[in-house]
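> this one's sequence-less:
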């Protein structure tokens, strides 16, 4: 893969070490979403790609949806790039104000395309699918920046949701070797 965006993701967000993932698994590498979601020069093209994948694979979607907190910047970037409004799916309903679990307007029966940063087991997305479907929305497609290829796509498929990654971990890991050979440096976990 000779994708400039993949190279930049690796250069800025790929970390090596001993990491505990949200899924409870341990990993020798980590893709730090905040290192690519907080950089406009990466967020803009990622948002454009998410919007393009949503148009191609979720053409019936009338809005995007993103679990808080990590995927909200991605959904906002994709919303700006593609023109679809988006919802924010809270982990739980807030206890004040409107007490909503879903933030943003929507109509019962609308189709939404989920957006996520990095998918390992698919747990955060499955919780979002449940929340969206409980509110009467239709979900059958999710777009993520990176699929770690550790069961998330299969878990989502068991709930009739197709995962469409921009990149697979195996592609980025291969890219990491290319970046290192071309003079890139391994990122430290705390830098």
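On my side now, so go ahead. The model shown is predicted, which means the values in this text are computed figures rather than measured ones. Residues are numbered from 1 along each chain as shown.
> Kindly list the longest helix within this structure.
Of all the elements of type helix in the chain, the one with the most residues (DSSP state H) is helix 40-57.
> Any chance you could list what contacts the helix or strand following that one?
Past helix 40-57, further along toward the C-terminus, the next helix or strand under DSSP states H and E is strand 63-67. Counting by Cβ atoms under 8 Å, 6 or more residues apart in numbering, the neighbours of strand 63-67 from elsewhere in the structure are 50, 54, 72, 74-75, 78-79, 84-89, 91, 102, 104, 106, 110, 112-116, 124-125, 127-128, 132, 137, 139. C-beta here means a position set from N, CA and C on the backbone, and glycine is covered the same way.
> Can you say which of those residues are buried?
Among the contacts of strand 63-67, those that count as buried by neighbour count (16 or more other Cβ atoms under 10 Å) are 50, 54, 72, 74-75, 78-79, 84, 86-89, 102, 106, 110, 112-116, 124-125, 128, 132, 137, 139.
> Filter these down to just the ones in helices.
Here DSSP H is the test, and those give 50, 54, 72, 74, 75, 78, 79, 124, 125, 128, 132 as lying in helices.
> low-confidence ranges in this structure?
For the chain, the stretches with pLDDT under 70 are 1-2, 97, 178-191.
> how about a cut-off of 90?
In the predicted model of the chain, residues 1-3, 16, 20-25, 29, 69-70, 91-100, 124, 173-191 satisfy pLDDT under 90.
> Going along the chain, name the strands of the protein.
With DSSP state E, the ranges of strands along the chain come out as 14-20, 26-31, 63-67, 86-89, 102-103, 111-119, 138-147, 162-168.
> is it possible to export those to TSV including distance to residue 41?
Supplementary listing: the strands of the chain in TSV, determined by distance: least, Cβ to Cβ, whole Å:
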stretch	distance to residue 41
strand 14-20	17
strand 26-31	17
strand 63-67	21
strand 86-89	22
strand 102-103	28
strand 111-119	17
strand 138-147	15
strand 162-168	16
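> Tell me which of these lies nearest to residue 38.
For the strands of the chain, distance to residue 38 was read as Cβ to Cβ. The smallest value, 11.6 Å, belongs to strand 111-119.
> So which elements touch the closest one?
Using 3 or more Cβ pairs under 8 Å, 6 or more residues apart in numbering; DSSP states H and E, the elements in contact with strand 111-119 are helix 33-37, helix 40-57, strand 63-67, helix 72-82, helix 123-134, strand 138-147, helix 152-157.
> show me what contacts the residue lying closest to residue 76 once chain neighbours are set aside?
For residue 76, ignoring the flanking residues on the chain, the nearest one in space by Cβ to Cβ, 6 or more residues apart in numbering is residue 86 at 6.9 Å. When contacts are counted by Cβ under 8 Å, 6+ apart, residue 86 is found next to 63, 64, 65, 66, 75, 76, 78, 79, 104, 115.
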